[in-house]
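Novice: Everything below, folded, please.
(chains A and B)
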There are 2 protein chains.
Amino acid sequence: MTDAAAVLRESRHRLEDSLRQIVKLLDKHRLVETMVDRDRASPRHDLIESLVHRQHLVELQLKLRSLHPADIAYVLEALPPDDRLLIWRQIQDDRGGEVLLEVSDAVRDALIEVLERPALVRVLGQLDADDLAELAEAVPEEVLAEVSQTLTARDRDWLQTTMAYPEDRVGHLMSQDVLTVRESQRVEQVLWLLRGRDDLPPNTDSLFVVDARHQFRGVLPLRALLLNDPQVRVADLMLTDPVVFGVRDAAADAARAFERYDLVSAPAINERGKLVGRLTVDAVMDYIREESEEDALNMAGLRGDEDLFAPIWHSARNRWLWLSVNLCTAFIASRVIGLFEETISQLVALATLMPIVAGIGGNSGNQTTALVVRGLALGEIRPENTWHLACKELGVGLLNGLVWGATVGLFAYALYWNGPLGLVMAAAMLLNLLLAALVGVAIPLTLHRLGRDPALGSSVLLTFITDGMGFFIFLGLATVFLP
Amino acid sequence: MTDAAAVLRESRHRLEDSLRQIVKLLDKHRLVETMVDRDRASPRHDLIESLVHRQHLVELQLKLRSLHPADIAYVLEALPPDDRLLIWRQIQDDRGGEVLLEVSDAVRDALIEVLERPALVRVLGQLDADDLAELAEAVPEEVLAEVSQTLTARDRDWLQTTMAYPEDRVGHLMSQDVLTVRESQRVEQVLWLLRGRDDLPPNTDSLFVVDARHQFRGVLPLRALLLNDPQVRVADLMLTDPVVFGVRDAAADAARAFERYDLVSAPAINERGKLVGRLTVDAVMDYIREESEEDALNMAGLRGDEDLFAPIWHSARNRWLWLSVNLCTAFIASRVIGLFEETISQLVALATLMPIVAGIGGNSGNQTTALVVRGLALGEIRPENTWHLACKELGVGLLNGLVWGATVGLFAYALYWNGPLGLVMAAAMLLNLLLAALVGVAIPLTLHRLGRDPALGSSVLLTFITDGMGFFIFLGLATVFLP
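Specialist: I've put the predicted structure just below:
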């Protein structure tokens, strides 16, 4: 009998405890290795090494065996590369496939990289067609072909079908394990069929009703089976207008529908109305989490997924794309300042003040962009209300421009006791904030209309414009109006 | 009989079509209003107005009645404030409560604001205790007290219990509708009990097993009821080590567990092991989405939730906190430059080049911060590996510093044919990138250790240091080493 309070403590701290224990075992393991290394001259060296090694590894394996694959994935992600590979070697033959499904993309790539081809084929051989489809992009094509030879013809077909859809489509996320019934069946018959199975696929909250041509007809919630008389027909219990997804529907739209209508599973059908698969809430949650993380990293100028403990060289390369874009924009902004070196040499205060104009403009524009990116993601921004939105943001820019323009104008005046300089500063601030509002709305909308991710790169582009134009406006006004 | 292909098209475009239709109806409504206004002198004015108004409003009401509350919420969020209130007035008495549950926090506040107290009490009266708890924070205390008078004693208790937990705890997210069974019961008895109900609570994939003292014993999956013989006992089917949450567990941890173990529902128990509620995947998904959106807005310097169509005054105020922080940091960075006005007046090129050093440093540091923030959110960063992480980021900073330092150094040299200037530029770049790496790791870790959200404000703080120190390093080196 389990003690409930113990269960609670257990599940709260289980994961952290496991990680701590594993780190301790790894430390012992390393310590032994160092000692044995020092002792290499001794004849007993090999014996000691194999004995203590074996002892710690057995302990480690026992610990790992008690963990859920998702927990092993967590442990792997939290460990530096060397330790990670040590753990990976302990589990790869046993549960490597399941673990690969759970780790982040970057760590997955690193784990696959260290496997020789035969080992990789063995690991992938542990998986079914749905899971293979999920890993397909991370695996070399020949390996995938070799593994798929071991699948049944049906599974091989399925693998090819789902892989044919891009990653952001329902067809790529759906799974194959669909339970179907017919309209003419009675509850009793359905229950009898279910009892013939060992288990139901995970996240099964309903069965799907199809006709003889496998055309989708409706959804039969499991609860209907539990709550109704065994003699009732499926046709009388099924829902005929459930939420249904087409295989080519955007995964992001499907994810929003799952949130909106609180779905657990939903049918995926092809262009001709045939039921082909099933979308489940766990796949949708993973999709949402991955997307939101990728967005957060993208906005900071990192490509897709970066492993926290990747080798330095990997990490550096991952950041170069955006850093070099940023460098180009910085060079251009710098040349804008270069145009006004003459003016600056006459009044060095301008050099001191110009970063303020550019910085506040960039910040304010980024606020607008973040709002617009979210509005686009939620589908709240539409052709009819774009104009209203732009006017509102310009209004905010105007208000902020007056308030903050006056503030920085006074600051400049107080510092240099120079009235015209204060006025130029205030005017430049106002103009740059208006520009930031306009560009902050325009950039994500344009990227969106071009079919790009509006979050990706919008911050770099925006900062480029608010910096470059901020310098230009401020120094230009100074050149014209200051004596 | 439904045609499946039609169902597909329907569900794909239903929402957008609905929104378009509603916008059209609103346009007609406005057009009529304008015409009637112009015609105000005519005696037929009142008659026309009431007739056409009524016609369009009836059409609008019909359309709205056909929509799911979540869809009405979507429509409300996509409309400017005036139209939004027009729609809200049509539905508030009927389904206002459900819609309030679905809209974003900012829009919810706006909708509640326009309701007089009696109307608000009516709207909230449509909800049960779980839903009321969700809205509790948005509603004035007296109103909530008045509404809770209409609840049963049990519901009132529940409302007080859940509201007592902070928003980021499991106790706040859990719901009351728990189905419990006893270990001694047989499948047959459980099925008989279920058939006595009209329906099951949403997202019910399992029943919870408790003892006579309502201590939690285990979980009985619904599938076990379907797959097993009616004579088997619950004790033999129930899972005794399911994932269980304590009411004081962090909601973020619970969300990760739902993702990790693909849960649909899970029991919530109190400190003494009593089953008190149920956490479901829909509440968890909403939580994840809200958190990730809030993080994205926070990182851009916006407080919590901002309504896309909020009045200008509201929006401007929402952005002032971070803009004013940013202004202070910009002033300080500007004063750092001020220290070196003497140096700049001798070589104006310094003013042209200094934003490059500061900008690239900020960008690179933000990349590091974004990674560390994600690592903290996923629990991958731990005391044992922090040192490893810092070293790795310093390594990346060193590598990037050498590469980009050389690049900008050459750029400066090529522009001004000034060798020492190029060297100073390269050295400043290298030092600032090393600093950015160090600070990029340290800031989110420090915020985290202080119990703050590591995303909130880390970007502003980081940019402050990379700007200020970037200027200081570059201009300082120039003062010392340039003739």
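Novice: Pass me the low-pLDDT residue ranges in the stretch 201-350 of chain A, would you?
Specialist: A:304-305 (pLDDT under 70).
Novice: which residue ranges form the helices in it?
Specialist: Using DSSP state H, counting those that start in this stretch, the helices of the stretch 201-350 of chain A run over A:222-227, A:234-237, A:251-261, A:281-299, A:312-338, A:341-346, A:349-377.
Novice: Redo those helices as JSON lines? Include distance to chain B.
Specialist: (C-beta placed from N, C-alpha, C; glycine too.) What follows is these, written out as JSON lines (distance: least, C-beta to the nearest C-beta, whole Å):
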{"stretch": "helix A:222-227", "distance to chain B": "5"}
{"stretch": "helix A:234-237", "distance to chain B": "10"}
{"stretch": "helix A:251-261", "distance to chain B": "4"}
{"stretch": "helix A:281-299", "distance to chain B": "4"}
{"stretch": "helix A:312-338", "distance to chain B": "4"}
{"stretch": "helix A:341-346", "distance to chain B": "4"}
{"stretch": "helix A:349-377", "distance to chain B": "3"}
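Novice: give the contact list for the residue positioned nearest the centre of chain A.
Specialist: Centroid-nearest residue in chain A, with C-alpha atoms, centre = their mean: residue A:290, separated by 2.2 Å. Contact partners of residue A:290, counting by C-beta atoms under 8 Å, 6 or more residues apart in numbering or on different chains, are residue A:105.
Novice: cool, and residue A:197?
Specialist: Here residue A:197 is in contact with residue B:227 (C-beta under 8 Å, 6+ apart).
Novice: any idea how far the residue nearest to residue A:179 when sequence neighbours are not counted is from residue A:219?
Specialist: Nearest residue to residue A:179, sequence neighbours excluded (C-beta to C-beta, 6 or more residues apart in numbering or on different chains): residue A:207, at 4.8 Å. Between residue A:207 and residue A:219 the distance is 8 Å, computed by C-beta to C-beta, to the nearest Å.
Novice: Same question for residue A:174.
Specialist: Taken as C-beta to C-beta, the span from residue A:174 to residue A:219 is 15 Å.
Novice: Pick out whichever of the two has more residues nearby.
Specialist: residue A:174 (28 against 22; other C-beta atoms under 10 Å in any protein chain shown).
Novice: Please work out how many residues are found near the residue nearest to the more buried one when sequence neighbours are not counted.
Specialist: Computed as C-beta to C-beta, 6+ apart, the closest residue to residue A:174 that is not its neighbour in sequence is residue A:277, at 3.3 Å. By the criterion of other C-beta under 10 Å, residue A:277 has 24 neighbours.
Novice: what's near enough to touch residue A:277?
Specialist: Going by C-beta under 8 Å, 6+ apart, the list of residues near residue A:277 reads A:162, A:171, A:174-176, A:178, A:247, A:267-268.
Novice: Okay, and which of these map to strands?
Specialist: A:267-268 (DSSP state E).
Novice: and which of the contacts of residue A:277 is nearest residue B:152?
Specialist: residue A:267 (38.8 Å; C-beta to C-beta).
Novice: Contacts only, for the closest one.
Specialist: Here residue A:267 is in contact with A:178, A:208, A:216, A:219, A:242, A:244-245, A:275, A:277-279 (C-beta under 8 Å, 6+ apart).
Novice: just to revisit the earlier point, okay if I get the contacts of residue A:277 as TSV plus distance to residue A:443?
Specialist: TSV is the format used below for the contacts of residue A:277 (distance: C-beta to C-beta, whole Å):
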residue	distance to residue A:443
A:162	35
A:171	31
A:174	34
A:175	38
A:176	41
A:178	43
A:247	33
A:267	38
A:268	35
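Novice: My read is that residue A:321 contacts residue A:303, right?
Specialist: Yes. Counting by C-beta atoms under 8 Å, residue A:303 is a contact partner of residue A:321 at 6.0 Å.
Novice: Give me the common contacts of the two.
Specialist: By C-beta under 8 Å, 6+ apart, no residue touches both residue A:321 and residue A:303.
Novice: before we move on, back to that, dig out what the residue nearest to residue A:179 forms beta bridges with.
Specialist: residue A:220 (DSSP bridges).
Novice: which residue sits closest to residue A:114, ignoring its sequence neighbours?
Specialist: Here the residue nearest residue A:114, using C-beta to C-beta, 6+ apart, is residue A:85, at 6.0 Å.
Novice: again but with residue A:300, I slipped
Specialist: residue B:370 (3.4 Å).
Novice: C-alpha coordinates for the helix or strand hosting residue A:471, PDB please?
Specialist: Taking DSSP states H and E as the criterion, residue A:471 maps to helix A:458-481. What follows is helix A:458-481, C-alpha atoms only, in PDB (Å, rounded to 0.1, in the frame of the first residue of the first chain):
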ATOM      1  CA  SER A 458      12.200  42.000 -36.800                       C
ATOM      2  CA  SER A 459      14.100  43.300 -33.800                       C
ATOM      3  CA  VAL A 460      17.400  43.600 -35.700                       C
ATOM      4  CA  LEU A 461      15.700  45.400 -38.600                       C
ATOM      5  CA  LEU A 462      13.900  47.700 -36.300                       C
ATOM      6  CA  THR A 463      17.000  48.600 -34.200                       C
ATOM      7  CA  PHE A 464      18.800  49.300 -37.500                       C
ATOM      8  CA  ILE A 465      16.200  51.800 -38.600                       C
ATOM      9  CA  THR A 466      15.700  53.500 -35.200                       C
ATOM     10  CA  ASP A 467      19.500  53.700 -34.700                       C
ATOM     11  CA  GLY A 468      20.400  54.900 -38.200                       C
ATOM     12  CA  MET A 469      17.500  57.300 -38.600                       C
ATOM     13  CA  GLY A 470      17.800  58.400 -34.900                       C
ATOM     14  CA  PHE A 471      21.400  59.500 -35.600                       C
ATOM     15  CA  PHE A 472      20.400  61.000 -38.900                       C
ATOM     16  CA  ILE A 473      17.500  63.000 -37.500                       C
ATOM     17  CA  PHE A 474      19.400  64.200 -34.400                       C
ATOM     18  CA  LEU A 475      22.600  65.100 -36.100                       C
ATOM     19  CA  GLY A 476      20.800  66.500 -39.200                       C
ATOM     20  CA  LEU A 477      18.600  68.800 -37.100                       C
ATOM     21  CA  ALA A 478      21.700  69.900 -35.200                       C
ATOM     22  CA  THR A 479      23.600  70.700 -38.400                       C
ATOM     23  CA  VAL A 480      20.700  72.800 -39.700                       C
ATOM     24  CA  PHE A 481      19.600  74.600 -36.600                       C
END
